[in-house]
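Undergrad: What follows is a protein structure lacking sequence information:
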């Protein structure tokens, strides 16, 4: 059985970088060039409270039977905080990466934005992803948000997972340049009203 808890600064683990990369490699490759650059960037952001990828925007799923690090994670925050978080993150980026914002719809500032969620593939189907999304709902409600929003690559199976949880497609985005030069396909902006 997995337990979910808020991440701490000392929870940094390169396994998280791999899990995030594996969810949407074309986007991260376009923005950071290669996996090693992504790991380096994430390691710098992790310990900076208020950054987009800071430990303070992550929850970790852990399982007693799995000792190689977290089995899943949730990253998110109140969408109204995104601009301030992006400003902190931009100071940590290496220049030269592509701007991938074109494939992501701007979330409603009143929503809680699920930036990323992942479960180790061999452990999917055991309720860990659902438990992480329940944690997102609790965090959203604690922040005063009544809507969860997220962006997801249209081609991955997670779209159906989100639809089963009650998310609906709000917008489909694609950028011709990112597709042509980096292979970044269409992304869906999805939302779910909270109970």
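TA: Cool, the structure landed. This one's a predicted model, so the numbers in the text were calculated from it and none came from an experiment.
Undergrad: name the element the residue most central in space within the chain belongs to?
TA: Closest residue to the average C-alpha location of the chain: residue 116 at 1.4 Å, with C-alpha atoms, centre = their mean. Element membership for residue 116, per DSSP states H and E: strand 112-119.
Undergrad: partner strands of that strand, parallel or antiparallel?
TA: With DSSP bridges as the test, strand 112-119 is paired with strand 72-78 (antiparallel), strand 147-153 (parallel).
Undergrad: if we look at the first one, which residues are touching it?
TA: Taking contacts as C-beta atoms under 8 Å, 6 or more residues apart in numbering, the residues outside strand 72-78 that touch it are 2, 4, 7, 16, 19-20, 53, 57-61, 85, 111-120, 123, 128-129, 132-133, 135-136, 139-140, 143-145. For the C-beta atoms, the positions are set from N, CA and C on the backbone; glycine is no exception.
Undergrad: for the record, mean pLDDT for that strand?
TA: Average pLDDT, strand 72-78: 94.
Undergrad: So what's the model's average confidence on the following helix or strand past that strand?
TA: Downstream of strand 72-78, the next assigned helix or strand under DSSP H and E is helix 82-90. Mean pLDDT, helix 82-90: 77.
Undergrad: and helix 82-90, which residues are buried?
TA: 82, 85, 88, 89 (16 or more other C-beta atoms under 10 Å).
Undergrad: quick one: which of these is nearest residue 106?
TA: residue 82 (8.2 Å; C-beta to C-beta).
Undergrad: If the residue nearest to that closest one when sequence neighbours are not counted is in a bridge, with which residues?
TA: Spatial nearest neighbour of residue 82, excluding adjacent residues (C-beta to C-beta, 6 or more residues apart in numbering): residue 113 at 6.5 Å. Going by DSSP bridges, residue 113 is paired in beta bridges with residue 77, residue 149.
Undergrad: my guess is residue 113 contacts residue 80, does it?
TA: No - counting by C-beta atoms under 8 Å, residue 113 stays clear of residue 80, with 9.4 Å between them.
Undergrad: Comparing the two, which residue is more hemmed in?
TA: Of the pair residue 113 and residue 80, residue 113 is the one with more neighbours under other C-beta atoms under 10 Å, namely 28 against 17.
Undergrad: what is the rounded mean pLDDT of the longest helix along the chain?
TA: Longest helix of the chain, by residue count under DSSP state H: helix 128-142. Taken as a whole, helix 128-142 has an average pLDDT of 96.
Undergrad: Tell me which other helices or strands that helix touches.
TA: strand 2-6, strand 58-63, strand 72-78, strand 112-119, strand 147-153 (3 or more C-beta pairs under 8 Å, 6 or more residues apart in numbering; DSSP states H and E).
Undergrad: What strands flank the second one, and is each parallel or antiparallel?
TA: In other words, strand 58-63. strand 2-6 (antiparallel), strand 72-78 (antiparallel).
Undergrad: pLDDT below threshold where in the protein?
TA: Along the chain, segments meeting pLDDT under 70 span 90-103.
Undergrad: on that earlier part again, ok, now how distant is the residue nearest to residue 82 from residue 143?
TA: 10 Å (C-beta to C-beta, to the nearest Å).
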